[in-house]
Structures are given as C-alpha cells and as structure tokens.
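**Student:** next comes the sequence, and after it the predicted model I'd like to discuss.
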Protein chains: 2
Amino acid sequence: MAGIPDLEVFAPEPARGRADATASPRTLTDLAYARLRDDIVHGRLEPGAKLRVEHLKKLYGVGATPLREALSRLTSDGFVSAEGQRGFRVAEMSLAELDEITNLRVVLENLALAQSIRNGDDAWESGVVAAFHRLAKLEQAEDPDLGQWEDRNRDFHLALIAACTSQWLRRFYETLYDQHKRYRNLARIDKSMPRDVHAEHKSIRDAALGRDVDRACAENERHIRRTADVTSRILRENTGV
Amino acid sequence: MAGIPDLEVFAPEPARGRADATASPRTLTDLAYARLRDDIVHGRLEPGAKLRVEHLKKLYGVGATPLREALSRLTSDGFVSAEGQRGFRVAEMSLAELDEITNLRVVLENLALAQSIRNGDDAWESGVVAAFHRLAKLEQAEDPDLGQWEDRNRDFHLALIAACTSQWLRRFYETLYDQHKRYRNLARIDKSMPRDVHAEHKSIRDAALGRDVDRACAENERHIRRTADVTSRILRENTGV
DNA sequence: TTCAAGTATTTTGTCGATATTTTTTACTAT
DNA sequence: ATAGTAAAAAATATCGACAAAATACTTGAA
C-alpha cells in the first residue's frame, strides 16, 4: 500500500512562507488580488475604469466570489473605490493626491529608515549593499528596462528599511510605495529621467551604512521629492489629470 | 398628474454622503463591515477568536457573500487576520503592537493636527470648541459612561484634525485611532483613569485655538502617550497579553 | 506515548436564481 | 427642441445549494 510515499519527502515543498500577495497565492482570492493590484499599479486598468465582475471573471479566469473579495481588499488599500449599488471601479488619480502620497511617504519612509539604521545588524547591512549593487548595475547599463528597474528600486528601498520592526509602519509604507509607483507608471517616467538617480541612491546608501540617520533621511527625502516632482511635471504637461 | 410630489423637495434626503462605514450602510457588506469592526474594537469578539462564516451568518443575519467581503476589508485594515485555507480570525493583540500603534499614531495625528491648525478656518475653530465642550461636560459629570466618553473623545480628536486636507493621512489615522481604542477597551481603562484627562484635553484645545502648532503637538503627544502608558500598564498587570 | 490511517469539519470556490437599483431609452406635454 | 417621466434593459448585491480541497480530529495499534 506504500513504498512510494517516502519519495515525497524529497519533493520540493510548496514554499508557502508569508501571506504576502506577491508570494505564490494560496487561494484564488490571493491570485485575483495580486493580479488586480498589479494591473492597476501598472496602469493596464485605467483610473476610473469600471470593474465589472462579469468581465473580470473572463479576464482572470476565476469566479465572482474570489473576485469580490479581492476587490474588497483593494478598496481598503485605496486602489479601488466602491460605491454601494454602483459597483467597483479603479481609484481615480489626481495631482493633489500625488502630493498627499508624496508627503506621507516621506514621513513614513524616513521614520522606518531611521529605525532601521539604528537597529540594523550585519544582515541588514549586507542586504542594503547587495540591493544597491543590483540596482546600480541596472542603472548604469545602456538598456534601462523600466520593469526591471522598478523591481530593483523597490528591493533597494525595502532593503533600507528592512530592519524596521514596526509591522504597521511597514504595511502603510508598502501601500504608499505602490501608490507612488502607480503615478510614476501613469507618467511613464522612464523616458525622461535626466537627473542622476544613481547618485541619489548612492548618497542614501552611504549615509545609511555610515549610520548617519539625519543625512540618510535628508537624502532620502530629496530623492523621493525629486522623483515626485518629475512625475508631477510630466502629468501636468501631458494631461489634465 | 402631480401636486404631491413637490412635497418631497422638503423631505429629508437619504443623506448618503461618504462611504464611511459608520454612515447608514448602503449594502449588507457595509452593514457587516461596520458591525464586525465595532464588535472587534469593543472586544465582544476576542483577539484570536475564530470567525466562522457559518456562525457569523446567524449572528448578523446576512449571507456568506457580504460577510466574506467585510472580512476581506477588515483584513486589509488589520482588524482581522486571514490565513489561506485556514479561515479568518480576530487579529491578535500584543504589547509590542500597542507600542507600534502608539508611536505611529503620535506621528500621524500630529502631522494632521499641524496641517489642520495652519489651514483651519472659522468653521474648524467652532467645531473644536463645540466638540471640546461636549466632551468636557461629560468628563466633569459624576457618571462617566465609557461608551459615551469614547464617542465624544473621538469627536474631539477628529474635530481637531478636521481641517487636514490629506485623505490618506485621515484614512491611516482613523485606522490607528480605532486600533488604539481596541487596546483601551481590552484594558477596560475606564475604571482606572486617575490622571486629569480633562486638563490634557484643555491644553490641546488652547494650543490649537491659539494656533501654536508646536505646543499643540507636544500636548497632544503627551496626551496620547499617557493614555497608552496607562493602557499598557493595566494590560501587563492583569494578563500576559 | 506516539504514529498514522480514516473520518469529520471547515474552507474555498462555482453556479444559478432572484430581488433591487441604476441607467437607458422612448415618449409626452410643454 | 426640452424638461420630465414611464417603461425597458442592464448591473449589482445577495442567497443557497453543492463540490472539491485542505485541515483538524479520533482512534486503534505498535
């Protein structure tokens, strides 16, 4: 009746660590959540677009139940807006909101950064060094693929605050980071990035590794605001967002 | 064909302004969300308690669909935790988390307060005065009903930051406020409130109306931390939360 | 006690029916 | 035409029955 089962001990495990949406989804709800969020952040679903469940069912190949649950979660995250009896739609965007998000992100990211610099151990340091290195390699290449850059940029910022112990701070920060990313994507900021982002990242890394909290926060703030300013300018020029 | 319809012009409208959960719910999902959140914040649903949909259906008299949607939203709000394939349960509580929430609340509430003091117009001022008055009356009465006090206290703090224009800040703040309230309720902080909360509220009000941003923030921070300290002490003494 | 097979329960997800509500369309009396 | 409205069509929200998958529990050896 057995004999084969033992082999399964050596089979690769499902590797289901965190409940993170980016991790391999344990349920269809997680799947729908991750894909919807991604599509919204990348602008494949436009601001204000109606999110009809019947349509999404075909698009993602899941039923109405997991879809509605995913949409509900995204509503609390601010990526989707829900009006009773009127369905879901992709959250609108505005220059005013970009401003809000920028200001809040500066505060929260600096808070996390400061805590991280103070708490950071060897593992944190090497994490920062590694993430910066991977990002730097990409930034100095002649083929700056935006998708990859976004991923590496995210990794770098997350590595910086990796030693922050506040789950709540982390949670809020990640939401704001993705909201910001959504604006960058809307502006298609890749085409026009004249300023030296690489130098900015380097300054932040140096200050952080040098355990200089004030300088790291200052550099970080400047970095965020510059990116936000460029985003804002592009949006103002191109459209009447 | 008509003559009566005109009367409806004067009839009170449904007043369905914001999508706030506290407003009269437009859908059963909103209803379930509001009641679940309330029951969790007030401790009627204990930390870690299993939230079985079949049971909640009977408890709230709504179907599984709106319940799962409400639970999903609460998951994003941090009041409920969901583990794939293992259902929902009321989020756990810990002294460490109380600390996180306190620190973050101080930062965000002060941010909103500062902005509010700078932007506040006449309506804001009178709102603060009125909310303080109602709170004061209750605090000086000999019958300090906790439920009412909590409501008035909330109104006062919200009135203070009413002129803050950042929706995101507001949203985060409200979540943190309710999380804090949950800890206060867990500690049953009403029984033992020896310090003069009223004086603290008064100081905040005076500084705010005097447009003294720094002092208002300092008083506010002290106020929040004192309450949090009492909460924390009670929890440490009574249980091993 | 410990282990593991077998059973019971729970959770997730699908489908289809239905009551409501919103949006459109068509029509009518200025 | 134009505001206003009634009827029709389309969306939305909700429920209930069920099936498949996963987890939790029981129980009988070893």
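**Tutor:** That came through fine.
**Student:** low-confidence regions, chain A specifically.
**Tutor:** Along chain A, segments meeting pLDDT under 70 span A:1-24, A:190-194, A:240-241.
**Student:** ok, now how distant is the residue nearest the centre of it from chain B?
**Tutor:** Note on chain A: the residue nearest the mean C-alpha position is A:D178, at 3.6 Å, using Cα atoms, centre = their mean. Distance of A:D178 to chain B, given as Cβ to the nearest Cβ, to the nearest Å: 13 Å. In this view, the C-beta of every residue, glycine as well, is placed from N, C-alpha and C.
**Student:** same thing with A:H201?
**Tutor:** In terms of Cβ to the nearest Cβ, A:H201 sits 25 Å off from chain B.
**Student:** which strands and helices lie in contact with the helix or strand hosting that residue?
**Tutor:** For A:H201, the enclosing helix or strand under DSSP states H and E is helix A:197-209. With contacts taken as 3 or more Cβ pairs under 8 Å, 6 or more residues apart in numbering or on different chains; DSSP states H and E, helix A:197-209 sits against helix A:95-119, helix A:122-139, helix A:146-160, helix A:213-238.
**Student:** still on that earlier bit, contact partners for the residue nearest to the centre of chain A?
**Tutor:** Contacts here follow Cβ atoms under 8 Å, 6 or more residues apart in numbering or on different chains; on that basis A:D178 touches A:R37, A:V41, A:F79.
**Student:** next one: A:S72
**Tutor:** Applying Cβ under 8 Å, 6+ apart, the residues contacting A:S72 are A:A82, B:T29, B:E69, B:A70, B:S72, B:R73.
**Student:** please apply the same query to A:R73.
**Tutor:** Here A:R73 is in contact with A:Y33, B:S72, B:R73, B:T75, B:S76 (Cβ under 8 Å, 6+ apart).
**Student:** just the ones of the residues you listed in helices?
**Tutor:** A:Y33, B:S72, B:R73, B:T75, B:S76 (DSSP state H).
**Student:** residues near the fourth one, how many?
**Tutor:** So that's B:T75. Look at B:T75: counted by other Cβ atoms under 10 Å in any protein chain shown, it has 19 neighbours.
**Student:** ok, the residue lying closest to it once chain neighbours are set aside to DNA strand D distance?
**Tutor:** Spatial nearest neighbour of B:T75, excluding adjacent residues (Cβ to Cβ, 6 or more residues apart in numbering or on different chains): B:A82 at 4.7 Å. To DNA strand D, B:A82 is 13 Å away according to Cβ to the nearest atom of the strand, to the nearest Å.
**Student:** any idea what B:A82 is bridged to?
**Tutor:** Bridge pairing for B:A82 (DSSP bridges) gives the partners B:F88.
**Student:** so who does the nearest residue to A:S116 once chain neighbours are set aside touch?
**Tutor:** Closest residue in space to A:S116, ignoring its immediate chain neighbours: A:A163 at 4.0 Å, by Cβ to Cβ, 6+ apart. Applying Cβ under 8 Å, 6+ apart, we find A:A163 in contact with A:Q115, A:S116, A:I117, A:N119, A:G120, A:D121, A:W124.
**Student:** run a quick neighbour tally on the first one.
**Tutor:** When neighbours are counted by other Cβ under 10 Å, A:Q115 registers 18.
**Student:** and it, how far from B:T165?
**Tutor:** Using Cβ to Cβ, to the nearest Å, A:Q115 is found at 28 Å from B:T165.
**Student:** so which residue of chain A comes closest to DNA strand C?
**Tutor:** A:G63 (2.1 Å; Cβ to the nearest atom of the strand).
**Student:** apart from its chain neighbours, what residue comes closest to that residue?
**Tutor:** Using Cβ to Cβ, 6+ apart and skipping residues adjacent in sequence, the residue nearest A:G63 is A:K57, 6.5 Å away.
**Student:** measure that neighbour to B:A112 for me?
**Tutor:** Distance, A:K57 to B:A112, using Cβ to Cβ: 40 Å.
**Student:** what sits against A:R182?
**Tutor:** A:I40, A:V41, A:H42, A:G43, A:F79, A:M93.
**Student:** how about 10 Å then?
**Tutor:** A:R37, A:I40, A:V41, A:H42, A:G43, A:P47, A:F79, A:V90, A:A91, A:M93, A:L98, A:I101 (Cβ atoms under 10 Å, 6 or more residues apart in numbering or on different chains).
**Student:** doesn't it lie inside a strand?
**Tutor:** No: read with DSSP: H, G, I helix; E, B strand; the rest coil, A:R182 is helix and lies in no strand.
**Student:** and the gap between it and chain B?
**Tutor:** The separation that A:R182 has from chain B, given Cβ to the nearest Cβ, amounts to 13 Å.
**Student:** what of A:V128?
**Tutor:** Separation of A:V128 from chain B (Cβ to the nearest Cβ) stands at 23 Å.
**Student:** what's near enough to touch the nearest residue to that residue once chain neighbours are set aside?
**Tutor:** Leaving aside its sequence neighbours, A:V128 sits nearest to A:A159 (Cβ to Cβ, 6+ apart; 4.9 Å). Counting by Cβ under 10 Å, 6+ apart, A:A159 touches A:116, A:124-132, A:134-135, A:205, A:208.
**Student:** contacts only, for the residue nearest to A:L56 when sequence neighbours are not counted.
**Tutor:** Nearest residue to A:L56 in three dimensions, chain neighbours excluded: A:L67, at 5.3 Å (Cβ to Cβ, 6+ apart). Contact partners of A:L67, counting by Cβ under 10 Å, 6+ apart, are A:28-29, A:32-33, A:36, A:51, A:53-57, A:59-60, A:88.
**Student:** near DNA strand D, which residues of chain A show up?
**Tutor:** A:K50, A:R52, A:V53, A:E54, A:A64, A:R68, A:A82, A:G84, A:Q85, A:R86, A:G87, A:F88 (Cβ under 7 Å from any atom of the strand).
**Student:** in stretch A:74-85, which residues are buried?
**Tutor:** A:L74, A:T75, A:S76, A:D77, A:G78, A:F79, A:V80, A:S81, A:A82 (16 or more other Cβ atoms under 10 Å in any protein chain shown).
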